[in-house]
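>>> Starting from these lines, generate the structure:
(2 chains)
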Amino acid sequence: MLEKSSATAHGRLLSIFDILEDWLDAPHIVTQSSLEQINTQFSSKTHAHLLQDYLTLEAAKAGAAMPEMLAYQLYFMAVAAVQEKLQANNHKSMSHAKNAARAIIAAQTKKEFRITRQSAYAIAASFLAVFIVAGSLLISNFNQANKLDQLATVQPFVQPIVPHVLATSELTASPEQTADLIAQIELMRHGNCQLIEAIQLPDNLKGIYLNIVVNGQVSTDPYEQKMAMELIKKTRCNYTPMLMANSTS
Amino acid sequence: MSILREKILNTATNLFQTQGINSTGVDNIVAVAGTTKMTLYKYFRTKEALILEVLQTSQQDFQTWLDEKLNSNSKNPSDKIKQLFNYIEEWVCAPEFIGIGFIKASAEFPNEENPIHQLSSQQSRQFRQFIGKLANEANIKDAEGLALQLSLLFEGAVQAEQMKRGSGSIKYAKKAAKILIDGAIKG
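Below is the predicted model of the structure:
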């Protein structure tokens, strides 16, 4: 009967309370003299194991985090609700038990962000790899950044750079945008440029500055290109030839 | 209470919860407590009297602890009922937790005529009334209904936990209780 009670495992787990209610409400089945017998039968080990096994299977199908435990819980709630109905003659006991069951099923089947041990190791390894790569990039770029900083004039970095959300069509930068960026970077190669405030930038912007502006590794990501252009605008460049600059000062 | 009486009571409480009430004989209790049957029967007329006292004391301890927690940490009635399962979880997850007496006793003594069954049923009802009182104070419309739902969750989770220690059942019961309480508060 339980098997056919619903098309979904979730529904079959809940229908146990409807079936029990119908069964207990049938006058020809439940009489005062048979109350204790029903109670004993329902609590007997054979019946209990059969029902718990079935509930465990359905709980697993419903995607419960801990199917066996959910099955125990539903079983005990059903037993308690039956006892409440039989002993206290509480006609609402099964419907309240069903409500509580609905909540416990929801709590157990709600998707949680669960990380397995293997996944945790994989994530940790990925982070480590990223740190190693980023660290080596930073070290290799450190000397070049220092050269640019030598001619710095300190000015406040007034306008914060606000990232924006990209539309799907903006996933790759246009060739024109890329060309503009490369041209800007090439131009900077002919002067002495520095952005001393780069040290105060958030890590993601610092990465863009070092990779794209300093190292010239232009990405096709439109967001990164936009940020790189913004940073270039903030960068102060001196295009006066070094010898000429020295002679005029 | 004499020290020896208290020791017998504590030993019996522990053995009833860990081995089962019916499976624990008086011989076991006196052996573990380091006393004699004569002394045990001096303080507790029968094994049934001992079981009844164990149930009374255990429930009193749990209820006193819960009252203190609720009253000292929250003044707002809505907060109290929302916090209820947090404290229940704290009690159940404590290393010294060995079960809730009336839940175990009602399972082991299903006969309604038995005084142990009667006391455990009474304690179950009292606990539900306690939840109902919290729900009433929080102005929940169907306070009685919510109390029954929460007590079913509580008893189911504790039974699951008693069967398998560290099952995590109380964690999910707490989540389910939140769903039910939030729903009841919204009306």
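>>> who's in contact with the nearest residue in space to B:Lys82 that is not next to it in sequence?
Nearest non-adjacent residue to B:Lys82, counting by C-beta to C-beta, 6 or more residues apart in numbering or on different chains: B:Ile181, 5.9 Å away. (C-beta placed from N, C-alpha, C; glycine too.) Residues counted as contacts of B:Ile181 (C-beta atoms under 8 Å, 6 or more residues apart in numbering or on different chains) are B:Ile81, B:Lys82, B:Leu146, B:Leu150.
>>> what does chain B put close to chain A?
B:107, B:110-112, B:121, B:145, B:148-150, B:152-153, B:155-157, B:159-160, B:163-164, B:167-169, B:172-173, B:175-177, B:179-180 (C-beta under 8 Å from any C-beta of the partner chain).
>>> rerun that using 6 Å as the cut-off
B:145, B:148-149, B:152-153, B:155-156, B:159-160, B:167, B:169, B:172, B:175-176, B:179-180 (C-beta under 6 Å from any C-beta of the partner chain).
>>> if we can go back for a sec, with the contacts of B:Ile181 in mind, which one is nearest to A:His47?
B:Leu150 (26.5 Å; C-beta to C-beta).
>>> That closest one falls within a strand, correct?
No - with DSSP: H, G, I helix; E, B strand; the rest coil as the criterion, B:Leu150 is helix rather than part of a strand.
>>> Give the helix, strand or coil label for the residue nearest to it when sequence neighbours are not counted.
In this structure, B:Leu150 finds its nearest non-sequential neighbour in B:Ile131, 5.1 Å apart by C-beta to C-beta, 6+ apart. Look at B:Ile131: counting by three-state DSSP, its state is helix.
>>> And the contacts of the worst-scoring helix or strand of chain B on mean pLDDT?
Least confident helix or strand of chain B, by mean pLDDT, DSSP states H and E, is helix B:101-108 with a mean of 89. For helix B:101-108, the external contacting residues (C-beta atoms under 6 Å, 6 or more residues apart in numbering or on different chains) are B:Ile21, B:Asn22, B:Leu55, B:Ser58, B:Gln59, B:Ile116, B:Ser120, B:Gln123, B:Ser124, B:Glu155, B:Val158, B:Gln159.
>>> mind checking how far that helix is from the chain centre?
9 Å (C-alpha atoms, centre = their mean, to the nearest Å).
>>> measure the residue nearest to B:Lys82 to B:Leu146 for me?
To B:Leu146, B:Ile181 is 7 Å away according to C-beta to C-beta, to the nearest Å.
>>> Out of the residues of chain B next to chain A, which one has the lowest pLDDT?
Lowest pLDDT among the residues of chain B next to chain A: B:Ser167, with 81.
>>> quick one: contacts for it?
A:Met69, B:Ala160, B:Glu161.
>>> Most neighbours among these, which one?
Tallying neighbours with other C-beta atoms under 10 Å in any protein chain shown puts B:Ala160 at the head of these, with 26 neighbours.
>>> what's next to the helix or strand where that one lies, contact-wise?
Using DSSP states H and E, B:Ala160 sits in helix B:143-163. The contact list for helix B:143-163, computed with C-beta under 6 Å, 6+ apart, reads A:69, A:72-73, A:76-77, A:80, A:96-97, A:99-100, B:92, B:99-100, B:103, B:128, B:131-132, B:135-136, B:140, B:167, B:169-170, B:173, B:176-177, B:180, B:184.
>>> How about stretch A:50-65?
Under C-beta under 6 Å, 6+ apart, the answer for stretch A:50-65 is A:Ala9, A:His10, A:Arg12, A:Leu13, A:Pro67, A:Glu68, A:Leu70, A:Ala71, A:Leu74, A:Tyr75, A:Gln108, A:Thr109.
>>> Over to stretch B:77-92?
B:66, B:69-70, B:74, B:134-135, B:137-138, B:161, B:170, B:174, B:177, B:181.
>>> farthest-separated two in those residues?
B:Glu137 and B:Glu161 (27.8 Å).
>>> Of the contacts of helix B:143-163, which count as buried by neighbour count?
For the contacts of helix B:143-163, a burial check counting by 16 or more other C-beta atoms under 10 Å in any protein chain shown picks out A:69, A:72-73, A:76-77, A:80, A:96-97, A:99-100, B:92, B:99-100, B:103, B:128, B:131-132, B:135-136, B:140, B:167, B:169-170, B:173, B:176-177, B:180, B:184.
>>> Next, the distance between the ends of stretch B:64-83.
Its start and end residues considered, stretch B:64-83 measures 16 Å (C-alpha to C-alpha, to the nearest Å).
>>> count of residues packed around A:Ile182?
Neighbour number of A:Ile182 under other C-beta under 10 Å is 14.
>>> Could you list the domains of chain A?
A:9-109, A:140-248 (automatic domain parsing).
>>> Tell me which of those is the most buried.
Across those, averaging neighbours per residue (mean count of other C-beta atoms under 10 Å in any protein chain shown) puts domain A:9-109 on top, at a mean of 19.
>>> Looking at the closest residue in space to A:Met66 that isn't next to it in sequence now. What's its pLDDT?
Leaving aside its chain neighbours, A:Met66 sits nearest to B:Gly168 (6.1 Å; criterion: C-beta to C-beta, 6+ apart). The model reports B:Gly168 with a pLDDT of 85.
>>> next one: B:Gly20
So B:Gly20 comes in at 91 (pLDDT).
>>> Can you give me the distance of the nearest residue to it once chain neighbours are set aside to B:Asn73?
Nearest residue to B:Gly20, sequence neighbours excluded (C-beta to C-beta, 6+ apart): B:Glu108, at 6.5 Å. Distance, B:Glu108 to B:Asn73, by C-beta to C-beta: 34 Å.
>>> quick one: which of those two has more around it?
Using other C-beta under 10 Å as the criterion, B:Glu108 and B:Asn73 rank with B:Glu108 on top: 17 against 12.
>>> one step back: need the phi and psi values for the residue nearest to A:Met66.
phi 80, psi 10 (degrees, to the nearest 10).
>>> burial measure for it, as a count.
16.
>>> next one: the one 3 residues further on
Look at B:Lys171: counted by other C-beta under 10 Å, it has 19 neighbours.
>>> The helix or strand where it lies versus helix B:143-163: what angle between them?
Assigned by DSSP H and E, B:Lys171 belongs to helix B:169-186. With axes from the mean of the first three to the mean of the last three C-alpha atoms, to 10 degrees defining the directions, helix B:169-186 sits at 170 degrees from helix B:143-163.
>>> A:Ala101: what's it in contact with?
A:Leu14, A:Leu74, A:Met77.
>>> Give the closest residue to the last one in space, chain neighbours not counted.
Translated: A:Met77. A:Met77's closest residue in space is B:Gly156 (C-beta to C-beta, 6+ apart), at 4.2 Å.
>>> What about that neighbour, how many residues nearby?
Neighbours around B:Gly156, by other C-beta under 10 Å: 29.
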